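1. could you work out the structure for the sequence below:
(2 chains)
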Amino acid sequence: MTPSTATTSAAASTNAAAPTTTGPTATPLAAADGPRGRRHLLSSADLSLDQVRAILDTAAEMHGVQQREVKKLPTLRGRTVVNLFFEDSTRTRSSFEIAGKWLSADVINISGKGSSTSKGESLRDTVLTVAAMGVDALVIRHHASGAAHQVSQWVDAHVINAGDGMHEHPTQALLDAYTMERRLGSLEGRHVLIVGDLTHSRVVRSNLITLKTLGARVTLVAPPTLMPSGITAWARAEGFDLTHDFDAVLPSADAVMMLRVQRERMSGGFFPTAREYTVGYGLTRPRLDTLVAANPDVVICHPGPMNRGLEIGADAADAAQSLILDQVSAGVAVRMSVLYHLLSGNDDQRRVPRSAWADTSDGRARPAAPRSAGASTAEEGTA
Amino acid sequence: MSTLLVTGADLAGAGAQDLLVEDGRIVEVGTIRSAKGADVLDADGLVALPGLVDLHTHLREPGREDAETIASGSAAAAVGGFTAILAMANTSPVTDTAEAAERILDLGRAAGLVDVVPVGAVTKGLAGEELAELGLMHRSRARVTVFSDDGHCVHDSRVMRRALEYVRAFGGVVSQHAQDPHLAGPHACAHEGELSGRLGLPGWPGIAEESIVARDVMLARHTGSRVHVAHVSTAGTVEVIRWAKAQGIAVTAEVTPHHLVLTTDLLTGYDPTYKVNPPLRPQEDVDALRAALADGTIDAVATDHAPHARHDKEHAFVDAAFGMLGLETALSVVSDVMVGSGLLDWAGVARVMSQAPARIAGLTSHGQALAAGSPAHLTLVDPTATVTVDRSASLSLSRNNPWHGRTLQGAVHATVFGGRVTAQKGAIA
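-> Okay, the predicted model is just below:
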């Protein structure tokens, strides 16, 4: 497959109306140049601070689109995005689906079956089959760590990691950062607690990276059995803190991110009972009171799905400080931004001109060009 | 009557000699001017070792002949300098009966390139519950002496105890795949440590191996039986074995070439080529394994040659098959890392790759001194040759070769099996 004729023609049509403008230079997303010269988003570590900023700034523009009556941008018209999900996921899949559709991409959802050794089709065959249909981007969710990384070495399409096993979930970390920034302002120096099943969480691994990139101070909170192996050395190397005592760090938090704890973990002996877990690590009513008393501006996040009553009480989930639904809303905007940065323009990182953004079919939606597109003017480039 | 004259070979580093071979036996060693009608193999500058013996080979026949057959595995073995290989029992069906063992023996003889010695399963179907027909396998034509559920640990203490006791009657040995399934389950695939934590790969902690080895050496002491530890991978296991040997417990151990060199950081790119069981460990373990092989705590090098069809490796890392090729590269790896570093001399290589494994497996015709009267199994090594491994050149049917692209010093020049040259310079003779 030659590098994407579809991409080229689509870009050419949107660029036809105007020459590339010379707006302020934002850093385009050039994450993880794969062996085939493609840009991917596989790990949060692929993104520099400038790139994170570019994505979050564009997401702010996209968020504006979400509020409009007509939510369609023509940006990715003619592009095909496949959501290839080997693991059940309602919110991430629909979030990517909506994001792609609002950007006018053709979005197809494919559920892959988890395969095991010697049974069924190999992962490589599955993704090559899908890619051979001529897709521009593969959004991959897989139960196995590293799957998106492997896939990026096999296909010519852009690959976006929508969660790989216990490894990473980079768009979740971006939307978490986006949501927290909307309420807190800059995360520089802010204290973020991440609490829960860290061992099995891809959310925590991506958040550790992105939050560090943005200058936040992170403390991980969990019983020793739910902390990843080698976490002490890891914490030392990356400069975050660890504690088994939630109450000790609660008053100093600017943000508390509660992670889902699967009840099945009890059978693995990770903790004795749900009741004991909640007493030690749940965001209960008393802890919510302590938290808010110490810092009324504190925010509460949860990547979902929640186990109400286990890791988070209803009071906390529904508190004024809770950003849980904002996270879901931001998820679409952030994924629009990621798709935009990866797919619009070409591998030569050509910008999409402003005219393309205003060129909607009915002329009603006229979003500002994203700053990162290098095409915004002062009055249009507001969040 | 066939006659072969090998001239000028350095006998395990002990000086250049000529060897005259007739009818599969060495008949004369010394300075031999000529031998009428003999084929001459010029071994000037080469080291002669007794034919290499591999305690741990996975051929995939019966069951997965697309990945390896007894014939293709025999060819890879011959090219790699081996004259005897022990074929592990985890085929389909499992080698857990006399008939299955004899079938493998016969297919090995038909291939005719090395002695293919079947390993019998310890338990029926490798299920870890009921003993397989250990005695019948031993009484069969295959004379099965080594028993292993390799791929699975005989983790039930009672079953392990009974197996150790039972095979003592006929001098058998249990080769244990040491992996406590509760500490390292079926998904465990990366050395448990900071890297597995960061990569999100299920951890396989060293303690899962060490605790089983510790139990097994105590069982061996209690039963007065001998136990063999397959593919030792950690410094902690080395400590346990060193202690056990000091107590006089009858324990032997093997290490793979890959655990002597490759380290867990290779997993960073999630390449299933590097997925192996037990997993690649950190450098500290590698260093301890090398030292233990040099000082005799670990008796033998065994390949754990584990061929897999390409599509069984092209899954996500945790779903991909365990194992890597090893027969063709083992001698070069040991030469490069152990001889090259001065940890072993060539007599030491003869010990760990021929004499000790032959003794452990009870193979009396292998691992013998290169002297008049010995069976003519020998491996001629060019210690100065360098090889750059090319996986596509392999005689194995599989390509899961972790050494691809690496340059190693020391190469098998020729293999003589029963007086016949079976392989020369990487090809079947």
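2. export whichever helix or strand B:Ala75 is part of as CSV, just CAs?
-> According to DSSP states H and E, B:Ala75 maps onto helix B:70-79. Coordinates of each C-alpha in helix B:70-79 appear next as CSV, following Å, rounded to 0.1, in the frame of the first residue of the first chain:
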residue,chain,number,x,y,z
ILE,B,70,11.3,-34.7,13.9
ALA,B,71,13.2,-34.6,10.5
SER,B,72,13.5,-30.8,10.3
GLY,B,73,14.4,-30.6,14.0
SER,B,74,17.0,-33.3,13.5
ALA,B,75,18.5,-31.3,10.6
ALA,B,76,18.6,-28.1,12.7
ALA,B,77,20.2,-30.1,15.5
ALA,B,78,22.9,-31.7,13.2
VAL,B,79,23.8,-28.3,11.8
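3. for that helix, packing partners?
-> strand B:52-57, strand B:82-87, helix B:98-111, strand B:115-118, strand B:407-417, strand B:420-424, strand B:427-428 (3 or more Cβ pairs under 8 Å, 6 or more residues apart in numbering or on different chains; DSSP states H and E). Where C-beta positions appear, they are placed from N, C-alpha and C, glycine not excepted.
4. center of the chain - which residue?
-> You didn't say which chain, so I picked chain A. In chain A, the centroid-proximal residue (Cα atoms, centre = their mean) is A:Thr171; its distance is 1.2 Å.
5. nope, chain B please
-> In chain B, the centroid-proximal residue (Cα atoms, centre = their mean) is B:Ala302; its distance is 2.4 Å.
6. correct me, but that residue touches B:Leu55?
-> Yes. Using Cβ atoms under 8 Å, B:Ala302 is in contact with B:Leu55, at 4.1 Å.
7. which neighbours do these two have in common?
-> B:Ala230, B:Glu254, B:Pro357 (Cβ atoms under 8 Å, 6 or more residues apart in numbering or on different chains).
8. nearest to B:Leu4, out of those residues: which one, please.
-> B:Pro357 (24.3 Å; Cβ to Cβ).
9. using CSV, write out every CA atom in the strand or helix carrying that closest one.
-> Taking DSSP H and E as the definition, one finds B:Pro357 inside helix B:356-361. C-alpha atoms of helix B:356-361 as CSV (Å, rounded to 0.1, in the frame of the first residue of the first chain):
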residue,chain,number,x,y,z
ALA,B,356,27.0,-33.5,31.6
PRO,B,357,23.8,-33.7,29.6
ALA,B,358,24.6,-37.2,28.4
ARG,B,359,25.2,-38.3,32.0
ILE,B,360,22.0,-36.6,33.3
ALA,B,361,20.0,-38.3,30.5
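10. give the rounded mean pLDDT of it.
-> For helix B:356-361, the mean pLDDT works out to 98.
11. now stretch B:195-204
-> Mean predicted confidence for stretch B:195-204 is 97.
12. ok now it, how far from the chain's centre?
-> Centroid separation for stretch B:195-204 versus its chain: 28 Å, with Cα atoms, centre = their mean, to the nearest Å.
13. now swap in stretch B:190-202 and tell me
-> 28 Å.
14. which residues sit against that stretch?
-> With contacts defined as Cβ under 8 Å, 6+ apart, stretch B:190-202 is touched by A:145-146, A:164-168, A:202, A:205, A:228-231, A:233-234, A:237, B:185, B:187-189, B:203-206, B:264-265, B:267-268, B:270, B:279-282, B:317-318.
15. what about 7 Å?
-> Residues from elsewhere that reach stretch B:190-202 (Cβ atoms under 7 Å, 6 or more residues apart in numbering or on different chains): A:145-146, A:165-167, A:202, A:205, A:228-231, A:233-234, B:187-189, B:203-205, B:264-265, B:267, B:279-282, B:317-318.
16. packing partners of the longest helix that chain B contains?
-> The longest helix of chain B (DSSP state H) is helix B:206-223. Judged by 3 or more Cβ pairs under 7 Å, 6 or more residues apart in numbering or on different chains; DSSP states H and E, helix B:206-223 is in contact with helix B:157-167, strand B:227-229, helix B:235-246.
17. give me the angle between the last one and helix B:206-223.
-> Per axes from the mean of the first three to the mean of the last three Cα atoms, to 10 degrees, the angle that helix B:235-246 makes with helix B:206-223 is 10 degrees.
18. alpha carbons of helix B:235-246, as CSV, please.
-> C-alpha atoms of helix B:235-246 as CSV (Å, rounded to 0.1, in the frame of the first residue of the first chain):
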residue,chain,number,x,y,z
ALA,B,235,20.1,-15.8,40.6
GLY,B,236,17.8,-17.0,43.4
THR,B,237,17.4,-20.4,41.8
VAL,B,238,21.2,-20.6,41.5
GLU,B,239,21.6,-20.0,45.2
VAL,B,240,19.1,-22.7,46.0
ILE,B,241,20.9,-25.3,43.7
ARG,B,242,24.3,-24.3,45.1
TRP,B,243,23.0,-24.9,48.6
ALA,B,244,21.4,-28.2,47.7
LYS,B,245,24.5,-29.5,46.0
ALA,B,246,26.6,-28.5,49.1
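19. any idea of the mean pLDDT for it?
-> Averaging pLDDT along helix B:235-246 yields 98.
20. show me the contact partners of the helix or strand just after it.
-> Later in the chain than helix B:235-246, the nearest helix or strand by DSSP H and E is strand B:251-255. For strand B:251-255, the external contacting residues (Cβ under 7 Å, 6+ apart) are B:55-56, B:217, B:220, B:226-232, B:241, B:244-245, B:289, B:293, B:298-302, B:360.
21. between strand B:251-255 and helix B:235-246, how big is the angle?
-> Going by the same axes, to 10 degrees, strand B:251-255 makes 150 degrees with helix B:235-246.
22. CA atoms only: put the next helix or strand after strand B:251-255 into CSV for me.
-> Downstream of strand B:251-255, the first helix or strand assigned by DSSP H and E is helix B:283-295. Extracted C-alpha coordinates of helix B:283-295, given in CSV (Å, rounded to 0.1, in the frame of the first residue of the first chain):
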residue,chain,number,x,y,z
GLN,B,283,21.3,-8.5,33.7
GLU,B,284,21.9,-9.5,37.3
ASP,B,285,20.3,-12.8,36.7
VAL,B,286,22.2,-13.3,33.4
ASP,B,287,25.5,-12.6,35.2
ALA,B,288,24.6,-15.1,38.0
LEU,B,289,23.7,-17.8,35.4
ARG,B,290,27.0,-17.4,33.6
ALA,B,291,28.9,-17.7,36.8
ALA,B,292,26.9,-20.7,37.9
LEU,B,293,27.5,-22.4,34.5
ALA,B,294,31.2,-21.7,34.8
ASP,B,295,31.6,-23.0,38.4
